[in-house]
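**Q** got a sequence here, can you model it:
(2 chains)
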Amino acid sequence: GQQLNQSPQSMFIQEGEDVSMNCTSSSIFNTWLWYKQDPGEGPVLLIALYKAGELTSNGRLTAQFGITRKDSFLNISASIPSDVGIYFCAGQEGTTDSWGKLQFGAGTQVVVTP
Amino acid sequence: DAGVTQSPTHLIKTRGQQVTLRCSPKSGHDTVSWYQQALGQGPQFIFQYYEEEERQRGNFPDRFSGHQFPNYSSELNVNALLLGDSALYLCASSFVQRHEQYFGPGTRLTVT
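**A** Purely as a prediction, here's the structure:
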């Protein structure tokens, strides 16, 4: 099963509002990735994080690698209708036998109303 | 630049049958990973192939097997299908030394 706890499960926001979601793990990760998935499609990579404390932006999206290395956060500023979708966090533990194995959260469903 | 492609898009099989899914990685990528995504859940790691060998495996039974070809494309085989194998099967490609994985559109498998 999944070891990542992603919250909130869903968000209903108005266009123009900011969105925040987070992901926590029970073990230390050396990589955090954030993906967006639209219905009937595969996940699309949004942001990749590699160092504790790292803050990275991609347009209106900003993600942070938590200092404890057990959490990560994603913020979306000034939401627009095309931000609708499911956002997944994914991480990789810092052990040799975990190389290449991404663990995913259960996703945050974002709904944007005009 | 072609992204990750998968075939077929949809597939319907009967319990007990066998299925083969195919994946072509993003141009230049040498590593392919397979994931199973049940409805309403995040993807679950099945296994990863590099240099035509399985180098990592998740908690999936031996009924799930794979192959990688010299051109880096890959196949996922599932034997003795169960109803619970119904899911979206995702292929992701990457460079062996990088953790960013890029996903294809998936194959929707329905077992009846």
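
**Q** now the residue in chain B that chain A sits nearest to, nearest residue through space, not along the chain?
**A** For chain B, the residue closest to chain A is residue B:42, as judged by C-beta to the nearest C-beta, at 3.2 Å. Bear in mind the C-beta positions are built from the backbone N, C-alpha and C, glycine included. Closest residue to residue B:42 apart from its sequence neighbours, by C-beta to C-beta, 6 or more residues apart in numbering or on different chains: residue A:104 at 3.2 Å.

**Q** beta partners for that neighbour?
**A** residue A:90 (DSSP bridges).

**Q** then residue B:5?
**A** The partner residues for residue B:5, given DSSP bridges, come to residue B:24.

**Q** next up, the contacts around residue A:17.
**A** By C-beta atoms under 8 Å, 6 or more residues apart in numbering or on different chains, the contact list for residue A:17 reads A:78, A:79.

**Q** element containing the most centrally placed residue in chain B?
**A** Centroid-nearest residue in chain B, with C-alpha atoms, centre = their mean: residue B:34, separated by 3.3 Å. Element membership of residue B:34, judged by DSSP states H and E, is strand B:31-37.

**Q** other SSEs contacting that strand?
**A** strand B:44-50, strand B:74-78, strand B:87-94 (3 or more C-beta pairs under 8 Å, 6 or more residues apart in numbering or on different chains; DSSP states H and E).

**Q** pull up the gap between the closest residue to residue A:14 other than its chain neighbours and chain B, please.
**A** Leaving aside its sequence neighbours, residue A:14 sits nearest to residue A:113 (C-beta to C-beta, 6+ apart; 5.5 Å). Distance of residue A:113 to chain B, computed by C-beta to the nearest C-beta, to the nearest Å: 22 Å.

**Q** one step back: tell me how many other residues crowd the residue of chain B closest to chain A.
**A** By the measure other C-beta atoms under 10 Å in any protein chain shown, the count of residues near residue B:42 is 23.

**Q** repeat that for the one 4 residues further on.
**A** Residue B:46 has 24 neighbouring residues, counting by other C-beta under 10 Å.
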